[in-house]
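Chemist: Need the 3D shape of this:
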Amino acid sequence: MAVVAHPDDESLIAGGTLVLAAQAGAQTGVVSLTRGEQGPIADPELATHSTLGDVREAELHTAGEALGASWTTCLRHPDGELSWADHDGAADELAALLDPHEPDIVLTFAPDGLYGHPDHIATREIVGIALDRLEARVERRICLYETVWPPGLVPDLVAAADQAGLASDLWGLEPEAFGSPEAVATLAVDVRSALDRKLAALRAHRTQLDTGHVLAALPGGLAERFLHQELWRLARPALCDGGALVLLLGGHASPAAEPHRGTGG
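Modeler: Take a look at the predicted model:
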């Protein structure tokens with residue numbers, strides 16, 4: 001299960017892992033804490049500012065189908081305001097939503113928020129509180145994995161796209177903003193066999209990927225070079241030995257014997 005801040009986050013950070021989990025027989029789901037109603041609009045024919053939340057919720061459903069997710073849902077926390085939200089209340093709502101699904105594994109952001117996005121950072125905090133409360137109630141351990149994006153990966157991707165004469169925008173963000181020097185993965189998931197579906201899910205978020213976006217039409221060779229794996233760090237290792245995701249994904253997942261910072265090469 002993935003818990004994210006906005007529709008499209010799930011495909012970006014966990015798309016391949018979700019596809020592989022579904023193919024392995026897991027019941028997978030996606031929760032977005034907001035509907036992303038304050039996001040950009042790639043094409044004014046797709047949405048207006050007043051309809052964007054509804055449209056992005058529908059895009060999440062379409063992306064979920066590409067990922068093989070059993071279900072997707074958006075909560076109604078205001079986009080861009082998760083930092084100021086009642087985190088205890090949001091965690092209670094999330095725990096109540098997750099409870100009937102009995103998740104063994106939850107995927108989300110690391111405390112760095114991928115590129116420092118306040119909503120992403122708040123999502124990680126809310127997820128942690130929610131799982132603590134859910135575990136106390138059900139007396140079952142849930143493995144929490146945080147996405148790891150090594151520094152240099154996204155700048156190298158953008159540079160390669162530029163060199164090939166391809167689109168290279170990243171929602172107007174600086175490529176160097178992605179990742180953290182302290183990011184160390186404990187698990188690497190080989191998503192090459194799921195890459196087409198990950199990209200299809202990303203591109204289902206049509207309001208967010210205009211023709212200038214690096215992921216809008218990234219050719220297969222570059223996609224495999226830079227997006228062939230999803231890296232994860234096991235959070236709260238004292239509460240979970242981390243074997244659940246390895247067991248589920250089999251040969252697609254391998255514990256990182258060395259601190260795994262990843263490369264685009």
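
Chemist: phi, psi of Pro181?
Modeler: Dihedral angles of Pro181 (phi, psi; degrees, to the nearest 10) stand at phi -60, psi -20.

Chemist: do the same with the one 5 residues further on
Modeler: Main-chain torsions, Thr186, degrees, to the nearest 10: phi -110, psi -10.

Chemist: What confidence value was assigned to it?
Modeler: In this model, Thr186 is scored at 91, pLDDT.

Chemist: who's in contact with Thr28?
Modeler: 1-2, 18, 21-22, 67-70 (CB atoms under 8 Å, 6 or more residues apart in numbering). All C-beta atoms are positioned from the backbone trio N, CA, C, and that covers glycine.

Chemist: most neighbours, which of the residues you listed?
Modeler: Leu18 (31 neighbours; other CB atoms under 10 Å).

Chemist: Double-check that that one belongs to a helix.
Modeler: Yes. The assignment for Leu18 is a helix, going by DSSP: H, G, I helix; E, B strand; the rest coil.

Chemist: Might one say that it is in contact with Ala69?
Modeler: Yes. With contacts counted by CB atoms under 8 Å, Leu18 reaches Ala69, the gap being 6.3 Å.

Chemist: Name every strand pairing with the strand or helix carrying Val189 and say which way it goes.
Modeler: Here Val189 sits within strand 185-190, counting by DSSP states H and E. Here strand 185-190 is paired, per DSSP bridges, with strand 229-235 (antiparallel), strand 253-260 (antiparallel).

Chemist: outside of it, which residues touch it?
Modeler: Contacts for strand 185-190 (CB under 8 Å, 6+ apart): 16-17, 20, 145, 148, 150, 228-234, 237, 242, 245-246, 249, 251-256, 259-262.

Chemist: Would you mark the buried spots in it?
Modeler: Within strand 185-190, the residues that qualify as buried by neighbour count (16 or more other CB atoms under 10 Å) are 185-190.

Chemist: Neighbours of Ala96, how many?
Modeler: 13.

Chemist: so it, which of the three states?
Modeler: Assignment for Ala96 (three-state DSSP): helix.

Chemist: residue ranges for the helices of this structure, please.
Modeler: In the chain, helices defined by DSSP state H lie at 9-23, 52-67, 87-98, 113-116, 118-138, 153-163, 195-204, 220-227, 243-249, listed in chain order.
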